[in-house]
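K.L.:
This is the structure alone, sequence omitted:
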């Protein structure tokens, strides 16, 4: 039995009468790539915010990296990384400055920062661009860099919110290579995406409809259950029935 | 024309639906007028004054008693050497001195006419003005009482002297100042922000790719703020006449015409800013820091321009609010007609045309 | 309807080339797609064609009108939905549509037949402010607003970015119906799977067009034999395939790895043996037709 790093039980968030996430229950194990899918407004973002310790649930239980979501939000934050398509890095700082800044936030020592940033720059092939402003890099590189920065402090879990939106197909695959590498190192990946082929790259996926989890299994099993050979179809069958949007 | 009206209607919808901003826009002038009117220039109570009574007779004593009975004054010393008055003023011990010359009652009784001198510390011109008016009216009361029993009227002539700032320059007749400030804020800031907002939203792209003339877009953006500003002018004037008892001595029509001119000057300024900027933040910063501060500093309603160093006096000339302040003061307080204010009017017209020209030249029919 | 000849756009002091000598043409009634990732230059091309940006080189005509000289005529006849277009949030659905109708010198009734299909879906909420609508409804409203003046050409810049797959499908169905009304549509998207829904597409990357043709012709001209391989562990499978001398490139594609061979492919048995030597259990091996995404990756690898 693998170590469980995310555990939720009937986790619920209400905004007034509106139930954004409705009693979601699931476990994610160490090193797993866990895909979190759903139409716009299905409650993905709300759920992710609770798991990152950014918003308190209305009811239900959850532990992240062994820490209780209600009481230990500070510890949780030390043990997770976060990256989204919208905000990732400071465009007006250079590549190195960004790495040092985010590493510094997580309390890396100067020696660690130095070796980490060198290793990271070489790994991404950014040697020439290390002193350039992040704003001048192509989108794909920015996304790869910001993923690497999100795991610079070797968190137990990294949350990725639509990390590959608008990125070209080749870079998208390179991005997933990075995800696999991180997963091999034992980092748990919690990722949302609108690309259905990316859903296939996950070990297990969870599809949310109207705040509830409607399906949770490996891509292969889901396709079997829904009697189809494409993830696209699985998603469509589930999400088409959605009553609410955003 | 139909397009234009549709656009203006839409702009009004934007303005009217943004309740918070609307509240600020209409609440701001009211609050400012009330703050300036009551909090800052509240009537002075218990002002210290000295009386130098060189005649020491019946009527001078009666007047002194009246002053003493008034809640406005507190007599510091009843008798004092005239030489010491100056020193007391300088030390700031007293705000006012009332001097009765020798033979005060004699003069009044025999030649039916006597003088009384009132000296005020005019470094705070508003207070000085008020206090000397109070004393004058007390003396007036005494005179009325004396005349009741007499066929030949007695005249007590108060001779008022202002120390330090004899012409009461920069008297904070704040109503014109507040008007200038409010109109500037509403017109410059709101217009520029509302245009730049369309750029940020992406709707500007659609509007540009439509048959609607870009220049009309901008003009129709300005119309609602013209109306808003005129409403503000009315509310400020109503407040000043009915709440602050400050009458409008000149022509109301002329006052409105000049206000409209000033509003248009500011609208063109707002348009010019919006043409040169691409984010609401920048537009807001420029309007607030670049416009409001100079207006407060250089329009002359808070700090007398004449007291400023020469370079600042020169700079003050490019602030539209300065000219508007002069115009409104002249109409409202002095009650003069257009003949007396054509010069500042011309300056405002010139500024408007210049800004219009600059906007025209800088206006882009494309994105970059 | 649209002719683009060697159009070029350069930005800033550093002379970043956003659009590099791009040429293409769009016929009347065609649904033409510009397919490429963010930063490929799609938006710049749209802005030049809608007369919002001046090209730094080359020329283009829309409806026979020059994008520089006759910009006013173009503005009268095209519809445009920019990428970040978000309508007036504080106006209702009805007010937004009426406003754009009037700005374009027409009325909603005049061209109601064009937007009817789309409008009836959002009509029940017509008194609701745009800011309170869901993403899918906003998109429908934006499309109505872009259509209201019966444009001859409709430019849609990334209308489906950030939209979930269900809403995306609905949106493309709307476009098909519009095409049936003989409106020429130019649409851009970063989603490769949407390419096949267009009549013709241009694949674009870093300001350069990689290929222009019908989606079928582009996939048919894919130069390699392409196989889908499935193994028990994706990352080691990819490493194994990429180190195989006859394979030009291999990459993940959903649950499979796609392997493009230089010349002739090897048999299933050969592949099974090869993978076994790398201690990978082969689960599937079949020849497949290239998709647009395969082609795009192929162009990028060249």
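P.N.:
Ah, there it is. This structure is a prediction, so every number in the text was calculated from the model and none was measured. Residues are numbered from 1 along each chain as shown, chains lettered A, B, ... in the order given.

K.L.:
just the helices in the chain please.
P.N.:
Just so you know, I chose chain A. A:44-51, A:73-78, A:95-105, A:110-124, A:139-150, A:169-184, A:196-200, A:219-225, A:231-239 (DSSP state H).

K.L.:
ah, no, chain C please
P.N.:
Counting by DSSP H, the helices of chain C are C:42-49, C:71-77, C:93-103, C:112-122, C:135-147, C:165-180, C:215-220, C:234-242, C:268-277, C:292-301.

K.L.:
Is chain A within reach of the shortest one?
P.N.:
No. For helix C:215-220 and chain A, the contact criterion (Cβ under 8 Å from any Cβ of the partner chain) is not met; the two come no nearer than 14.1 Å. For glycine as for every other residue, the C-beta is placed from the backbone atoms N, C-alpha and C.

K.L.:
Please list the outside residues in contact with that helix.
P.N.:
With contact meaning Cβ atoms under 8 Å, 6 or more residues apart in numbering or on different chains, helix C:215-220 is reached by C:195-196, C:198, C:200-201, C:203, C:211, C:289-292, C:294-295.

K.L.:
buried subset of those residues?
P.N.:
For these, a neighbour count by 16 or more other Cβ atoms under 10 Å in any protein chain shown gives the buried set as C:195, C:198, C:200, C:201, C:203, C:211, C:290, C:291, C:292, C:294, C:295.

K.L.:
Okay, now the unreliable bits of the chain?
P.N.:
Using chain A here. Along chain A, segments meeting pLDDT under 70 span A:1, A:86-87, A:242-246.

K.L.:
I was thinking of chain C, sorry if that wasn't clear
P.N.:
If you take pLDDT under 70 as the line, chain C has these spans: C:85-86.

K.L.:
quick one: the most centrally placed residue in it from chain A, how far?
P.N.:
Geometric centre of chain C, nearest residue: residue C:189, 2.8 Å, by Cα atoms, centre = their mean. Distance of residue C:189 to chain A, given as Cβ to the nearest Cβ, to the nearest Å: 10 Å.

K.L.:
quick one on the thing from earlier: among the helices of chain A, which is nearest chain B?
P.N.:
helix A:139-150 (19.5 Å; Cβ to the nearest Cβ).

K.L.:
Please compute how far that closest one lies from its chain's middle.
P.N.:
13 Å (Cα atoms, centre = their mean, to the nearest Å).

K.L.:
on that earlier part again, ok, so of the buried ones among the contacts of helix C:215-220, who is nearest residue B:303?
P.N.:
residue C:203 (66.1 Å; Cβ to Cβ).

K.L.:
Next one: that closest one from residue C:254, what distance?
P.N.:
20 Å (Cβ to Cβ, to the nearest Å).

K.L.:
just to revisit the earlier point, can you redo the buried ones among the contacts of helix C:215-220 as a markdown table, where the extra columns are distance to chain A?
P.N.:
Listed next are the buried ones among the contacts of helix C:215-220 as a markdown table, based on distance: Cβ to the nearest Cβ, whole Å:
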| residue | distance to chain A |
| --- | --- |
| C:195 | 11 |
| C:198 | 17 |
| C:200 | 20 |
| C:201 | 14 |
| C:203 | 10 |
| C:211 | 14 |
| C:290 | 12 |
| C:291 | 10 |
| C:292 | 9 |
| C:294 | 9 |
| C:295 | 10 |
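
K.L.:
now, the most widely separated pair of the residues you listed?
P.N.:
Taking Cβ to Cβ as the measure, the buried ones among the contacts of helix C:215-220 have their most distant pair in C:200 and C:294, spaced 18.4 Å apart.

K.L.:
residue boundaries of the helices in the stretch 1-150 of chain B?
P.N.:
Using DSSP state H, counting those that start in this stretch, the helices of the stretch 1-150 of chain B run over B:2-17, B:19-34, B:58-69, B:82-91, B:104-111, B:125-148.

K.L.:
Buried residues, the last one. List them.
P.N.:
Along helix B:125-148, these residues count as buried under the neighbour rule (16+ other Cβ under 10 Å): B:125-132, B:134-136, B:138-139, B:142-143, B:146.

K.L.:
How about the closest residue to chain B within chain C, nearest residue that isn't a chain neighbour?
P.N.:
Of all residues in chain C, the one sitting closest to chain B is residue C:102 (3.6 Å; Cβ to the nearest Cβ). Spatial nearest neighbour of residue C:102, excluding adjacent residues (Cβ to Cβ, 6 or more residues apart in numbering or on different chains): residue B:6 at 3.6 Å.
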